[in-house]
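Peer 1: Please find the sequence and the predicted model below.
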Amino acid sequence: MELGFGNVKILRGGFHAWEKAGFPLRKKTQVSGKNIHGGNAKSTHRMGDQKKSINLALQGGGTHGAFTWGVLDRLLEDDRVDIEAISGTSAGAMNGVIATDGLMEAGKEGARQALDRFWQAISDTAQFSPLKRTLFDVMAGNWNLDNSPNFRLFELMELLASPYQLNPLNINPLRDLLALHVNFERVRSCNLIKLFVSATNIRNGRVKLFDKTELTLDMVMASASLPYLFQAMEIDGEAYWDGGYMGNPVLYPFAYHCTSKDVVLVQVNPIERRAIPKTAQEILNHINDITFNGSLMKELRAIEFVGRLLDSESLEPARYKKMLIHAINAEKELEPFNASSKFNAEWSFLIHLRDLGRKAAERWLDKNYDSIGSQSSVDIRSMF
């Protein structure tokens, strides 16, 4: 059921229909200085500032997840901000589980160090990958892999054979890395932060939400199982693909399970492209952006609709929750990086993305910290 701005028929279907539309009823829940990248961290506490709680929505996007790493690094550095919950998909889920494990091990500093180690390990492993930039691209400062013959061959093979044929043993170095860097028993027992991971059920096309209390390595890998790269991940008799197809990421757990009404979306997939795509590669890149933003746009639309109904007193505030939406992005800086760059795991590129993420988070804090808890800093309606 899709919501229109003037459509209130959903209310006639009762609360169950509202939940099916992607915005469940509110439930009562219980509230549950060093810069590791060099230099002195900027002061993160101003006179009169109070600590505020936020929820983080982390998108998937291959190695562009290093941008999210930078955002997390900056937010964890700030003593004015508490992260109540994380909802993540694919690379966002991996960032979330790494941060959660690090928090349990050694607090916020432990989370920052855990993220640093994980992304360094990704880069170290990728040194043996045949997917590399050409010398010309390196000299030109182009981070994309479009001109790489090996990448072109890789794309061709995706069209001719499936992962079941190309990789019958289902070898996945990323799985081994995650197993090495995450203590899932510690994650499941974490009482410092809520964590939600989403995957796409292949048989029914619905989003599957995995809660922290049940989370396993297979569940995180299911969230990152792109069907043209990896075999489907089977869990309890069901098969799953990448969660980005149906929730990149899902937002409704924040309404169901969290006290904070502030949702900060960390965007690595641009919603808008200024130029009209004309080449085959540009068209495929933009299709990729639209596909992995589609479910998110629908959920944001539902949140905006509920907010307006609450503002007009058409819904009971005791039963529904008005969510405040914020976004940390760097669309202008990330626009030159197309879908091929999501396979680029060079350390210099990951560091560049991390630094872009830190700067974007810094800008957002400077501009919108005062909005946390009081108003959205994103005009959702203008997005539709």
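Peer 2: Yes, it's here.
Peer 1: quick one, longest helix in this structure?
Peer 2: Determined from DSSP state H, the single longest helix within the chain is helix 91-126.
Peer 1: how about the helices in the stretch 1-150 of the chain?
Peer 2: Assigned by DSSP state H, counting those that start in this stretch, the helices in the stretch 1-150 of the chain fall at 9-12, 14-20, 65-77, 91-126, 135-140, 149-160.
Peer 1: Check the average confidence over the third one, would you?
Peer 2: In this case it means helix 65-77. For helix 65-77, mean pLDDT rounds to 98.
Peer 1: And it, what's buried?
Peer 2: Buried residues in helix 65-77, defined by neighbour count with 16 or more other CB atoms under 10 Å: 65-77. Where C-beta positions appear, they are placed from N, C-alpha and C, glycine not excepted.
Peer 1: Same question for the last one.
Peer 2: Applying a neighbour-count criterion of 16+ other CB under 10 Å, one finds 151, 154 buried in helix 149-160.
Peer 1: same deal with stretch 177-188?
Peer 2: Residues of stretch 177-188 classed as buried by neighbour count (16+ other CB under 10 Å): 177-178, 181-182, 184, 187-188.
Peer 1: Just the closest of those to Q59, please.
Peer 2: Proximity of the buried residues of stretch 177-188 to Q59 (CB to CB) peaks at L178, which lies at 18.0 Å.
Peer 1: What helix or strand is that closest one located in?
Peer 2: If you go by DSSP states H and E, L178 is part of helix 173-181.
Peer 1: before we move on, the earlier item: what angle do the longest helix of the chain and helix 173-181 make?
Peer 2: Orientation check (axes from the mean of the first three to the mean of the last three CA atoms, to 10 degrees): helix 91-126 against helix 173-181 gives 100 degrees.
Peer 1: Which other helices and strands does helix 91-126 contact?
Peer 2: Judged by 3 or more CB pairs under 8 Å, 6 or more residues apart in numbering; DSSP states H and E, helix 91-126 is in contact with strand 52-58, helix 65-77, strand 81-88, helix 173-181, helix 184-188, strand 194-201, helix 217-223, helix 347-368.
Peer 1: between it and strand 52-58, how many degrees?
Peer 2: Using the same axes, to 10 degrees: helix 91-126 against strand 52-58 is 60 degrees.
Peer 1: quick one: buried residues of helix 91-126?
Peer 2: By 16+ other CB under 10 Å, the buried positions in helix 91-126 come out as 91-104, 108-116, 118-119, 121-123, 126.
Peer 1: where does it sit relative to the chain's centre, distance-wise?
Peer 2: When C-alpha coordinates are averaged (CA atoms, centre = their mean, to the nearest Å), helix 91-126 and its chain have centres 14 Å apart.
Peer 1: now do stretch 340-351
Peer 2: The answer for stretch 340-351 is 17 Å, by CA atoms, centre = their mean.
Peer 1: Also stretch 163-176?
Peer 2: The chain centre lies 24 Å from the centre of stretch 163-176; the measure is CA atoms, centre = their mean.
Peer 1: what does stretch 364-372 contact?
Peer 2: Applying CB atoms under 8 Å, 6 or more residues apart in numbering, the contact partners of stretch 364-372 are 49, 52, 54, 74-75, 78, 80-81, 262, 264, 324, 326-328, 377.
Peer 1: In PDB, could you pull the C-alpha coordinates for stretch 76-93?
Peer 2: Written as PDB, here are the backbone C-alpha positions of stretch 76-93 (Å, rounded to 0.1, in the frame of the first residue of the first chain):
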ATOM      1  CA  LEU A  76      31.900   8.800  18.200                       C
ATOM      2  CA  GLU A  77      34.400  11.500  18.900                       C
ATOM      3  CA  ASP A  78      31.700  14.000  20.000                       C
ATOM      4  CA  ASP A  79      30.800  13.800  23.700                       C
ATOM      5  CA  ARG A  80      27.600  15.700  23.100                       C
ATOM      6  CA  VAL A  81      26.100  12.800  21.000                       C
ATOM      7  CA  ASP A  82      24.900   9.400  22.100                       C
ATOM      8  CA  ILE A  83      23.900   6.800  19.500                       C
ATOM      9  CA  GLU A  84      20.900   4.900  20.700                       C
ATOM     10  CA  ALA A  85      20.500   2.600  17.700                       C
ATOM     11  CA  ILE A  86      21.900   1.700  14.300                       C
ATOM     12  CA  SER A  87      20.000   0.300  11.300                       C
ATOM     13  CA  GLY A  88      22.300  -0.800   8.600                       C
ATOM     14  CA  THR A  89      22.400  -2.600   5.200                       C
ATOM     15  CA  SER A  90      25.300  -4.300   3.500                       C
ATOM     16  CA  ALA A  91      28.400  -2.100   4.200                       C
ATOM     17  CA  GLY A  92      26.300  -0.100   6.600                       C
ATOM     18  CA  ALA A  93      25.500  -3.300   8.500                       C
END
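Peer 1: Name the residues of that stretch that are buried.
Peer 2: Neighbour-count burial for stretch 76-93, with 16+ other CB under 10 Å as criterion, is recorded at 76-78, 81, 83-93.
Peer 1: out of these, what pair is the most spread apart?
Peer 2: Farthest pair in the buried residues of stretch 76-93, by CB to CB: D78 and S90, 25.6 Å.
Peer 1: Which pLDDT value goes with G22?
Peer 2: So G22 comes in at 44 (pLDDT).
Peer 1: and the helix holding L178, average pLDDT?
Peer 2: Helix 173-181 shows a mean pLDDT of 96.
Peer 1: ok, and what's touching it?
Peer 2: Contact partners of helix 173-181, identified using CB under 8 Å, 6+ apart, comprise 94, 97-98, 101, 114, 117-118, 121-122, 125, 217, 220-221, 224.
Peer 1: Looking at those residues, which is nearest Y240?
Peer 2: Each of the contacts of helix 173-181 was scored against Y240 by CB to CB, and M221 proved nearest at 9.0 Å.
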